[in-house]
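> sequence first, then the predicted structure:
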Amino acid sequence: MNNENLQSRLKEIVNKSPMGWYQVVVVAICFILNFNDGIDVLVVSFTGSDISSEWGLSKSQLGYIFSAGLAGMTAGCLLIAPLGDKIGRRNIFLISLSLITSGMLLVYLAEAYWQLLIFRIITGLGIGGILPNLASVASEISNEKRRDFNVGIVQAGWPLGAILTGFITVWLVPEYGWRFCYLLAGTISFSMLVAIYFFMPESIGFLLKKQPKNALEKINNIMLKIGHPPIDGLPEKTIENESSNIRRLFSPEFKTSTFMLWTAIFFGFLTLYTLMSWVPNVAKESGMPYALATYVGTALNLGAFTGVFVMGLSISKFGIKKVIVTFLTLGFLVMVSYGTFSLSYLAMFILTFFIGFLVQGGFNTFFPTATRVYPEEIRSTGVGLAMGIGRFGAIIGPAIFGILTDSGYSVASRFIIFSIPLLIAAFFAYNVPSKNLK
């Protein structure tokens, strides 16, 4: 039996069988990894003012620290994540977690501003390498019935990590200082590195295709753990040009899907990261007391966590495309309402919750979308590049919002302007051509 036939047969077995305990554990590990990434990304936001005070940084210098992590994440998505198709998802997790752990612990030891910038880039590289491969692993270990739900629910780990980071730093920083937060985050990342080493399997599809040392033993070990009989042998190994993965994204089969997916994710990131960066500041503009305005960010992430969870349930029932359009269109309407109407503090908290619910929930639907568009052998490349290119929207969105603020645009105008990308993202996502999307 050739590689393609054997891989199809094994995939069919996994697709049609109930989820076993081992598959659930792997999905749970992916969730926790994303939770860890939420900590690693947001810890700098919650400790930024203390770093600035200790080192006497300007607002611009503090902004460069934020941008350094984001630039690292973009580079990680573009350069590290695609290697999952070449050296394996598990190896990418080990490399990426080593970068994250090193970056966090080095921040704890940092003695100069330039060191902090470099260490945040290192951390960002690891985060960018992990995120797209989480979607790939959750997709490949799941059966057909639970695949989209599992890929979607893994994304809920990120806002949950962000929420808990906010509460933990409120307690840790006054007691132990901002550096201790990075020591704790680095320790958590190291524990995940150990968990991946002992418990995370490699993709069956990767093992069949690349056939590294002990591939047959590893495949059969996975098959037994998920409740299926072992296979007798491996097919003849095929040799392919590794650079063909990227070229396949622009082949006639995937070219239109690739460009439409990139466009949708770009505009989704444009609004999502602008909201994450500026919503608390907008609340302060409205006259809300500082302490309350700070918790607006928590309301946004709490809404995001809830929205991602509901999204995961919804796509299993209604299909990915309907969920994307519904969430992002409603997100557009709520953003317009937030900016247009005069709101009480309670109303602002409620609308902020629903902005997080709809925008983050809708955006995270792009992960199961991308895993459906691209086949297993180019999935990490496809998802990684889509998220990497899209992150340029995350880079320019907050800057444009700041420029509009300095130019005197009202809150209503800014929110209306930044709600429009949600409609553009919904349009392109809905029209991504793929036989595996509905």
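Noted; the coordinates are in hand.

> is Lys145 part of a helix or strand, or is it coil?
At Lys145 the chain is in coil, as set by DSSP: H, G, I helix; E, B strand; the rest coil.

> shouldn't it be in contact with Ser316?
Yes - with contact defined as CB atoms under 8 Å, Lys145 and Ser316 form a contacting pair (7.5 Å). C-beta: built from backbone N, CA, C; applies to glycine.

> neighbour count for those two, which is higher?
Legend: neighbour count by other CB atoms under 10 Å for Lys145 and Ser316, higher for Ser316 (18 against 14).

> report the contact partners of that one.
For Ser316, the set of contacting residues under the criterion of CB atoms under 8 Å, 6 or more residues apart in numbering consists of Lys145, Arg146, Asp148, Phe149.

> which pair in the residues you listed spans the largest distance?
Lys145 and Asp148 (9.1 Å; CB to CB).

> contacting residues around the nearest residue to Gln155 once chain neighbours are set aside?
Distances taken as CB to CB, 6 or more residues apart in numbering place Asn364 nearest to Gln155, at 4.0 Å, with adjacent residues excluded. Neighbouring residues of Asn364 by CB under 8 Å, 6+ apart: Gly152, Gln155, Ala156, Gly307, Val308, Met311.

> which of those fall in helices?
Counted as lying in helices by DSSP state H, out of those, are Gly152, Gly307, Val308, Met311.

> which of the residues you listed ranks first by neighbour count?
Comparing these on neighbour count, Met311 comes out first with 30 neighbours (neighbours: other CB under 10 Å).

> isn't that residue up against Gly361?
Yes - here Met311 reaches Gly361: they are 4.2 Å apart, a contact under CB under 8 Å.

> what touches both of these two?
Looking at what touches both Met311 and Gly361 (by CB under 8 Å, 6+ apart), the common residues are Phe327.

> packing partners of whatever helix or strand Leu272 lives in?
In the assignment (DSSP states H and E), Leu272 maps to helix 255-285. Helices and strands touching helix 255-285, by 3 or more CB pairs under 8 Å, 6 or more residues apart in numbering; DSSP states H and E, are helix 290-318, helix 345-355, helix 361-363, helix 366-373, helix 379-406, helix 411-430.

> which residues does the fourth one contact?
With contact meaning CB under 8 Å, 6+ apart, helix 366-373 is reached by 132, 135-136, 138-139, 147-148, 151-152, 154-155, 254, 257-258, 261, 264-265, 268, 315, 320, 324, 379, 382-383, 386-387, 390, 429, 432, 434, 436-437.

> buried members of those residues into ChimeraX, please.
For anyone working in ChimeraX, the buried entries among the contacts of helix 366-373, judged by 16 or more other CB atoms under 10 Å, can be selected with:
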select :132,135,136,138,139,147,148,151,152,154,155,254,257,258,261,264,265,268,315,320,324,379,382,383,386,387,390,429,432,434,437
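
> contacting residues for Leu358?
Residues touching Leu358, when contacts are defined by CB under 8 Å, 6+ apart, comprise Gly303, Gly307, Phe327, Leu328, Leu330, Gly331, Val334.

> and for Thr263?
Residues near Thr263 by CB under 8 Å, 6+ apart: Ile424, Ala425, Phe428.

> got a winner among the residues you listed for most neighbours?
In the contacts of Thr263, the most neighbours by other CB under 10 Å go to Ala425, 31 neighbours.

> surely that one is in contact with Trp262?
No - with the criterion set as CB under 8 Å, Ala425 and Trp262 do not qualify as a contacting pair; they are 11.0 Å apart.

> quick check: longest helix in this protein by residues?
As far as residue count goes, and with DSSP H defining each element, the longest helix of the chain is helix 21-55.

> that one: which residues count as buried?
Residues of helix 21-55 classed as buried by neighbour count (16+ other CB under 10 Å): 22-23, 26-48, 50-52.

> and that helix, what other elements does it pack with?
Contacting helix 21-55 under the criterion 3+ CB pairs under 8 Å, 6+ apart are the following elements: helix 59-75, helix 89-109, helix 113-141, helix 147-154, helix 157-176, helix 178-199.

> with distance to Val279 added, can I get those in CSV?
Output for the helices and strands packed on helix 21-55, formatted as CSV (distance: least, CB to CB, whole Å):
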stretch, distance to Val279
helix 59-75, 15
helix 89-109, 26
helix 113-141, 22
helix 147-154, 23
helix 157-176, 13
helix 178-199, 22
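
> do you know which of the ones you listed lies nearest Asn214?
Of the helices and strands packed on helix 21-55, the one closest to Asn214 (CB to CB) turns out to be helix 89-109, at 13.1 Å.

> buried stuff in that closest one?
With the criterion 16+ other CB under 10 Å, helix 89-109 contains buried residues 89-97, 99-108.

> shouldn't Ala394 be in contact with Leu70?
Yes - under the criterion of CB under 8 Å, Ala394 is in contact with Leu70, at a separation of 6.3 Å.

> who has more neighbours, those two?
A count of neighbours by other CB under 10 Å puts Ala394 above the other of Ala394 and Leu70, at 23 against 20.

> from Phe199, how far out is the residue nearest to Thr123 when sequence neighbours are not counted?
Excluding its sequence neighbours, the residue lying closest to Thr123 (CB to CB, 6+ apart) is Gly103, at 3.2 Å. Computed with CB to CB, to the nearest Å, the distance linking Gly103 and Phe199 is 23 Å.

> list the contacts of stretch 97-110.
When contacts are taken as CB under 8 Å, 6+ apart, the neighbours of stretch 97-110 outside the stretch itself are 36-37, 40, 115-116, 119-127, 129-130, 179-180, 182-183, 185-186, 189-190, 192-193, 196.
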